[in-house]
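>>> One predicted model, sequence on top.
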Amino acid sequence: MIWGGRSAIRSVLYMAALVATRHNPVIRSLYQRLLNAGKLKKVALVACVRKLLTILNAMVRDKTTWQASPIPQES
């Protein structure tokens, strides 16, 4: 469980990560990789929340917009 931080922000990030696992190729690939590694769905989703937060913090720091990077294709 996550207890720290502001609950409103946590809820927004959780829902954003939930949607991103379905529609954002970067977050979706992370989520699928974690599931394939045997992680529980909620554990993988929380990892996606942290990844999304890291991306958002970097965007604010660098004053940039979202730049979708190409995803390496698995062989």
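Yes, it's here.
>>> Now do the same for residue 2: its pLDDT.
As predicted, residue 2 sits at a pLDDT of 56.
>>> mind listing the helices for this structure?
For the chain, applying DSSP state H gives helices covering 7-23, 25-36, 41-62.
>>> for the last one, packing partners?
Spelled out, that is helix 41-62. Where contact means 3 or more Cβ pairs under 8 Å, 6 or more residues apart in numbering; DSSP states H and E, helix 41-62 is packed against helix 7-23, helix 25-36. C-beta coordinates here come from the backbone N, C-alpha and C atoms, glycine included.
>>> what's the closest of those to residue 58?
helix 25-36 (12.6 Å; Cβ to Cβ).
>>> Kindly reformat the helices of the chain as a markdown table containing distance to residue 68.
Shown next, in a markdown table, are the helices of the chain (distance: least, Cβ to Cβ, whole Å):
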| stretch | distance to residue 68 |
| --- | --- |
| helix 7-23 | 11 |
| helix 25-36 | 7 |
| helix 41-62 | 11 |
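>>> for this structure, which spans come out with low pLDDT?
1-4, 69-75 (pLDDT under 70).
>>> I'd like the helices of the chain as TSV, with mean neighbour count appended.
Conversion of these to TSV gives the following (neighbours: other Cβ atoms under 10 Å):
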stretch	mean neighbour count
helix 7-23	14
helix 25-36	16
helix 41-62	14
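>>> which residues sit in contact with residue 35?
Listed by Cβ atoms under 8 Å, 6 or more residues apart in numbering, the contact partners of residue 35 are 41, 44.
>>> so who does the most centrally placed residue in the chain touch?
By Cα atoms, centre = their mean, the mean C-alpha position of the chain lies nearest to residue 48, the distance being 2.8 Å. Going by Cβ under 8 Å, 6+ apart, residue 48 touches 17, 20-21, 27, 30-31.
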